[in-house]
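Student: requesting a structural model of the entry that follows:
(2 chains)
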Amino acid sequence: MTKKQKKVLIRIIIAAVALVILFFIPFGAGFIPQAVKLLLYLAVYVLIGYDILRKAFKGILNKQVFDENFLMAIATVGAFVLAIYSGSGDYNEAIAVMLFYQIGELFQAVAVGKSRRNISELMDIRPDYALVEQGGELVSVDPDEVEVGTVITVRVGDKIPIDGRIVSGNTTLNTAALTGESMPRDAGPGDDVISGCINLTSLVKIETTREFGESTVSRILELVENSSSNKSRSENFISKFARVYTPLVCYLALALAILPPLVEGLILHNGFTFDTWIYRALTFLVISCPCALVISIPLTFFAGIGGASKAGVLVKGSNYLETLSKTSYVVMDKTGTLTKGDFEVTDVSPVGIDRHDFLKYAAMGEWTSTHPVAICLRNEYTREFPDEELKGAEEITEISGLGVMARIDRHEILIGNAKLMKRYGIDYNESTDTAGTRIYMAVDTEYAGYAIIDDAVKETSKEAIRKLKAINVSHVIMLTGDGDAPARRVADELGISEVYSQLLPEDKVSIVEKLISEKNDSEVLAFVGDGINDAPVLSRSDVGIAMGALGSDAAIEAADVVLMDDDPLKISKAIQIARKCMRIVYENIYFAIGVKVICLILGAVGLANMWLAIFADVGVMVIAVLNAIRALRTNS
Amino acid sequence: MKKSYKIDVDCAVCADKMEQAAKKTTGVKDATVNFMALKMNVEFEDGADAGSVMQEVLKNCKKVEDDCEIFL
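Tutor: Model prediction:
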């Protein structure tokens, strides 16, 4: 609690205690005791409500009549005057209204402050210092002052302050604050590392490749801090509603105070009952405060965006959260989104020799080659048989454009494409399947099988598609530049029925435009890409989602939603977070407006008194705020 | 030209009022107030002097909501 809030709390406590004490004092019936009673109650009233009265007065001076302070001031002063006029001496009501109003305001301020802090804690990735070696000693400097190319030291437990490349030290990094992914990541010399990661196991030295202002941490913070400035339609609706609602209720209250008694008095000749109707009008004013709505909607979005950041999903504005929640088309780029985007051995099919020998011969034969295929083959061998020492073949002859010929363990090995097999008259199985790149092998002129090198599907892609369907995304569409057959096969493997293949990069925009024009206006199309060459499509779609965007400036610029790592499961997660947030928003809108309308009706017909009115007002606000904070939790 | 300012205000309605007041100030092309982040983003008209415009903005905001602050 801030100082301001503590002061209000103390006033609330004193006023409440004073009210209870006054209740038990038996004032006499005479004029003097009654006057004393009025003065004492008035003192309590002023204690609890002086700031409201002052603000209301200033509001009138500044021609800002219809604000909540004014409403509360009129309602409570009116109640006081009515109590004096009718001689009932019941001043409790006016004071209680002010008291509960203050309690409500205090609760709101504390809740808002708490969620502000919660969210800034979530995004607590801002590094405080960078350690730079100066004259043999480590000096801690402001990250802002570190120039590109400086070598900084990151100790165990520290955040990496600036993007850079490791020059010495092997460690594991915790990227949870950035990606929501709790699995630590290994990093060693030569690896690019991003700021915001926490160094877990050992001291590393990093050569910075960016300035602090350009580093991942700065860009993410900037994005998150500016995010809620893009207001959603619901927020704009509430602002407009509040602007209309309060004056409207005030005029209704005025009408309620004047018209019914005039009708009763002049037309029905039942006598004027101004005091009854004025009391009802004052009750109206108490209900007319739109606080619950006005606070809970932005709070929900704020919490929703905060919760999403925690899960590694950066949403650039509450408008995008709103749009994302309506997603029914998810269009995905294949390469880099559903697949890893780099090549590896996806299939080994040896003939006459075993898998181990096949991979070993391939790796040894390709020992000297820098061709991507060769690198894949070597990687596969060391990955599958990490205990074996990889050494080159005794004799390697590269046959340009075809492959290599090598001598290993007194065998003559041929590794290469179909043309190589043909040239040496090897009887190999020609395949019509066009998936990936096929590398054949022959051992001593005998065909020995093939390996397929392809862009591998991510482990979580299939599950990601299944999840999207499970949350009722009606169309999941894959776009790819690959040929029809391999595109179809990847799509079948993943369970995607709609595929557009053999696309040039510019075709993607026209496909997305076509899909957008065909769908209903109420449906939303989200495009998911890895951010490379995707900028035009990302900005053309209703919601552009860039994934694995750490380090890719263009994607962060063009996308509306940024997935911090490259896990496609985050797509459905993001949609679910958005939907939950919007559900809470609508719950709050309907709940708050509904209760207000009911109370207004009850108040108008005299069934609700001021006590009920203030309880409804503060109660609705408390419930709406607590509901809003729920949007912060994104685990379920 | 766009600039971002830290603000202090107590309630969401008041924040909305500040936004309206800022938008109406001469020299301001557009303004948004973010109550949750306690920030005001102001886009100035071409050629407007941010410093003097912001003084006006602050004055107008004080008019509609006495209990507010913009940290210039």
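Student: how close does the residue lying closest to A:Thr153 once chain neighbours are set aside get to chain B?
Tutor: In this structure, A:Thr153 finds its nearest non-sequential neighbour in A:Leu131, 4.4 Å apart by CB to CB, 6 or more residues apart in numbering or on different chains. Any C-beta I mention is one placed from the backbone N, CA and C, and that applies to glycine too. Separation of A:Leu131 from chain B (CB to the nearest CB, to the nearest Å) stands at 30 Å.
Student: quick one: contacts for A:Leu131?
Tutor: A:Leu131 is in contact with A:138-141, A:152-155, A:158, counting by CB atoms under 8 Å, 6 or more residues apart in numbering or on different chains.
Student: find the centremost residue of chain B, please.
Tutor: Central residue of chain B (CA atoms, centre = their mean): B:Ala22, 4.4 Å from the mean position.
Student: so that residue is in which element?
Tutor: helix B:12-24 (DSSP states H and E).
Student: from the contact counts, what lies against that helix?
Tutor: Applying 3 or more CB pairs under 8 Å, 6 or more residues apart in numbering or on different chains; DSSP states H and E, we find helix B:12-24 packed against helix A:233-262, helix A:291-310, strand B:28-34, strand B:39-44, helix B:50-64.
Student: give the buried residues for it.
Tutor: Neighbour counts over helix B:12-24 (16 or more other CB atoms under 10 Å in any protein chain shown) mark B:12-23 as buried.
Student: now chain B against chain A: closest residue?
Tutor: B:Met36 (3.8 Å; CB to the nearest CB).
Student: okay, and for the chain, where does confidence drop off?
Tutor: You didn't say which chain, so I picked chain A. Counting by pLDDT under 70, chain A shows low-confidence ranges at A:122-124, A:182, A:225, A:227-229, A:431-435, A:531-532, A:549-553, A:635-636.
Student: chain B against chain A: which residues are in contact?
Tutor: Listed as neighbours of chain A in chain B under the rule CB under 8 Å from any CB of the partner chain: B:4, B:10-14, B:16-17, B:32, B:34-39, B:41, B:63-67.
Student: what's the burial count for residue 71?
Tutor: Just going to use chain A. Around A:Leu71 there are 26 other residues, counting by other CB atoms under 10 Å in any protein chain shown.
Student: switch to chain B, that's the one I care about
Tutor: With other CB under 10 Å as criterion, B:Phe71 counts 10.
Student: and for A:Glu322?
Tutor: 24.
Student: the helix or strand where A:Leu324 lies vs chain B: in contact?
Tutor: A:Leu324 is part of helix A:318-325, with elements assigned from DSSP H and E. No. If you take CB under 8 Å from any CB as the test, helix A:318-325 misses chain B, and the best it gets is 9.7 Å.
Student: after that helix, which helix or strand is next? Please name it.
Tutor: Scanning onward from helix A:318-325 (DSSP H and E), the first element met is strand A:327-333.
Student: quick one: that following strand to chain centroid distance?
Tutor: 18 Å (CA atoms, centre = their mean, to the nearest Å).
Student: what is that strand packed up against?
Tutor: Short answer (3+ CB pairs under 8 Å, 6+ apart): strand A:327-333 packs on strand A:475-479, helix A:505-518, strand A:524-529, helix A:569-604.
Student: residue contacts, the residue lying closest to A:Val36 once chain neighbours are set aside?
Tutor: Using CB to CB, 6+ apart and skipping residues adjacent in sequence, the residue nearest A:Val36 is A:Phe27, 6.8 Å away. Taking CB under 8 Å, 6+ apart as the criterion, A:Phe27 is in contact with A:33-34, A:36-37, A:89.
Student: please tell me how far the helix holding A:Leu324 is from the chain's geometric centre.
Tutor: For helix A:318-325 - counting by CA atoms, centre = their mean - the centre lies 10 Å from the chain centre.
Student: do stretch A:440-457 as well
Tutor: When distances are taken as CA atoms, centre = their mean, stretch A:440-457 is centred 46 Å away from the chain's centroid.
Student: in that stretch, what's buried?
Tutor: A:440-443, A:447-457.
Student: one more: stretch A:275-289?
Tutor: Buried residues in stretch A:275-289 (16+ other CB under 10 Å): A:277-289.
Student: with stretch A:243-252 instead?
Tutor: Judged by neighbour count using 16+ other CB under 10 Å, the buried positions of stretch A:243-252 are A:243, A:245-246, A:249-250, A:252.
Student: alpha carbons only: can I get it in PDB?
Tutor: What follows is stretch A:243-252, C-alpha atoms only, in PDB (Å, rounded to 0.1, in the frame of the first residue of the first chain):
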ATOM      1  CA  ARG A 243     -19.100   8.800 -21.100                       C
ATOM      2  CA  VAL A 244     -22.800   8.300 -21.900                       C
ATOM      3  CA  TYR A 245     -23.900   6.200 -19.000                       C
ATOM      4  CA  THR A 246     -23.100   8.600 -16.100                       C
ATOM      5  CA  PRO A 247     -24.800  11.700 -17.500                       C
ATOM      6  CA  LEU A 248     -27.700   9.600 -18.700                       C
ATOM      7  CA  VAL A 249     -28.300   8.200 -15.200                       C
ATOM      8  CA  CYS A 250     -28.000  11.700 -13.700                       C
ATOM      9  CA  TYR A 251     -30.700  13.000 -16.000                       C
ATOM     10  CA  LEU A 252     -32.900  10.000 -15.200                       C
END
